[in-house]
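Colleague: Model the following, please.
(one chain, ligands or ions: 2)
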Amino acid sequence: MKSVSLLEFKHYRYFKVSAFLMMVAIVAYSLDKPEPEPFGGTVLGYILGIAAALIVVFLLLYGVRKRLTPRIHASNKKNGLESSSQRATSTRATSHQNEGRYGGFTLQGWLSSHVYLGGTLIVLATLHTGFQFGLNVHTLSYLLMMLVIFSGFYGTYVYLYLPRLVTENMGGDTLESILLKIKDFDRFAEKRALQFSDEIIELVALSRQKTRIGGNFFQQLGGRQKNCPTSLAVQKLQGLGKGYSDDKLKSFHDLYAIMAHKETAVARARKDVKYKARLDFWLYFHAPLSIAFLVALVAHITAILFYW
Ligand code: HEM
Ligand code: HEM
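Modeller: Ligands and ions are numbered 1, 2, ... in the order given. All right, here's what the predicted structure looks like:
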């Protein structure tokens, strides 16, 4: 399962590398007694700063590596090498299961190293600064780095847990198959409703016409529709079945059951759309912030090299 392999990749290889790097940095920092005090400009400060900057370059390369993957897939496909798991790319999360290799690394290996090495920056860059902060571009670069890192933590959490929720919600279904079921429920319900009052016919018609699944990005993230016409129809139908004779009552119960099933299917479809939107949305922060951080870091290093 991907959620296991991302963090446990190759027996925690990148966890071990990162823990080692952080330990060396902490020991070196505690043994170092620079005069007058630790800061970014001491020998150790430079070593830590340069190490952190090299890691940042490596982390940014992940974005490049990710974009090369479709090309790898395309050429594999051309050569008939595409596996079924490589085809299963319906969500970002599953897309990492592909093992397209580039430069000896799998995409999964890159992501595992990305997550762990990204975390080491908290220690390396903080010790680099010697805990000296101010209102300047140096501290701005540090703050942007922290924002990128914490958005990365959130993204990793989302990647690890959402795929399980998606599977639990969908069972063996796909979004497309649920949407088809909803269409069928609409057809059956509209036919059944014809024998009842105008109010019932209208409730069912409104449910078919106005029920929304998806919508704009925020509506997708919310996973709900205010005054959902399908839920409204189910609610109102509960009070409208009184007074029917046996035959009609049975038909009414069938109609109610169809609408209740539709309500459940709509809720599942909305949940699926919501989960997939959550898988994407944090990256809209992480990726642009990482570029903003790069710009601030270049400004920090340029300022140091020219003015320090
Ligand atoms: C992830 C990478 C880095 C981050 C987040 C970072 C951040 C910082 C911060 C917040 C400070 C403290 C500024 C202050 O005293 O107000 C600092 C100081 C400093 N940094 Fe960096 N830095 C990084 C990489 C580098 C690199 C690669 C170099 C050198 C090539 C460098 C050289 C310095 C120097 C010389 C200082 C001391 C400046 C002073 O006290 O006036 N840093 N850095
Ligand atoms: C300063 C540190 C970091 C930088 C510069 C950075 C940069 C990037 C970049 C450029 C991407 C590719 C975005 C895209 O092309 O769509 C990315 C993706 C990602 N990063 Fe980071 N990152 C950093 C830290 C972290 C940390 C600490 C974590 C987790 C703990 C993390 C987790 C992720 C994840 C899960 C992805 C998405 C992978 C995917 O969709 O394929 N990142 N990061």
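
Colleague: Could you list the residues of the stretch 151-300 of the chain in contact with ligand 1?
Modeller: Leu297, His300 (C-beta under 6 Å from any ligand atom). C-beta: built from backbone N, CA, C; applies to glycine.

Colleague: What residue in the stretch 151-300 of the chain comes nearest to ligand 2?
Modeller: Proximity of the stretch 151-300 of the chain to ligand 2 (C-beta to the nearest ligand atom) peaks at Gly152, 2.3 Å away.

Colleague: Relative to the whole chain's centre, how far out is the strand or helix carrying that residue?
Modeller: Using DSSP states H and E, Gly152 maps to helix 137-170. Distance of helix 137-170 from its chain centroid, counting by C-alpha atoms, centre = their mean, to the nearest Å, is 8 Å.

Colleague: Ok, stretch 168-187 next?
Modeller: 23 Å.

Colleague: Tell me which residues touch the residue of the stretch 151-300 of the chain closest to ligand 2, please.
Modeller: Residues in contact with Gly152 (C-beta atoms under 8 Å, 6 or more residues apart in numbering) are His114, Val115, Gly118, His286.

Colleague: Pipe the residues you listed into CSV and attach distance to Ser197, neighbour count and pLDDT per row.
Modeller: Shown next, in CSV, are those (distance: C-beta to C-beta, whole Å; neighbours: other C-beta atoms under 10 Å; pLDDT from 0 to 100):
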residue, distance to Ser197, neighbour count, pLDDT
His114, 61, 23, 96
Val115, 59, 22, 97
Gly118, 62, 22, 98
His286, 54, 17, 97
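
Colleague: per the record, what domains does this protein have?
Modeller: Using automatic domain parsing, the domain ranges for the chain come out as 2-171+283-307, 175-281.

Colleague: ranking those domains by mean pLDDT, which is last?
Modeller: Note on the domains of the chain: lowest mean pLDDT is at domain 2-171+283-307, with a mean of 84.

Colleague: Which residues of the stretch 1-150 of the chain lie near ligand 2?
Modeller: 56, 59-60, 62-63, 66, 92, 111, 114-115, 118-119, 121, 145, 148-149.

Colleague: still on that earlier bit, flag every buried residue along the helix holding Gly152.
Modeller: Residues 137-138, 140-142, 144-149, 151-152, 155-156, 158-160, 162-163, 166, 169-170 are the ones in helix 137-170 that count as buried (16 or more other C-beta atoms under 10 Å).

Colleague: just stretch 120-135 next, same as before
Modeller: In stretch 120-135, counting by 16+ other C-beta under 10 Å, buried: Thr120, Leu121, Val123, Leu124, Ala125, Thr126, Leu127, His128, Thr129, Gly130.

Colleague: which SS state does Tyr29 fall under?
Modeller: Assigned with DSSP: H, G, I helix; E, B strand; the rest coil, Tyr29 falls in the helix class.

Colleague: Contacts only, for it.
Modeller: By C-beta under 8 Å, 6+ apart, the contact list for Tyr29 reads Pro38, Leu44, Leu48, Leu127.

Colleague: Out of the residues you listed, which sit inside helices?
Modeller: Applying DSSP state H to the contacts of Tyr29, the entries found in helices are Leu44, Leu48, Leu127.

Colleague: Save those residues as JSON lines, and put in distance to ligand 1 too.
Modeller: Output for the ones in helices among the contacts of Tyr29, formatted as JSON lines (distance: C-beta to the nearest ligand atom, whole Å):
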{"residue": "Leu44", "distance to ligand 1": "11"}
{"residue": "Leu48", "distance to ligand 1": "8"}
{"residue": "Leu127", "distance to ligand 1": "11"}
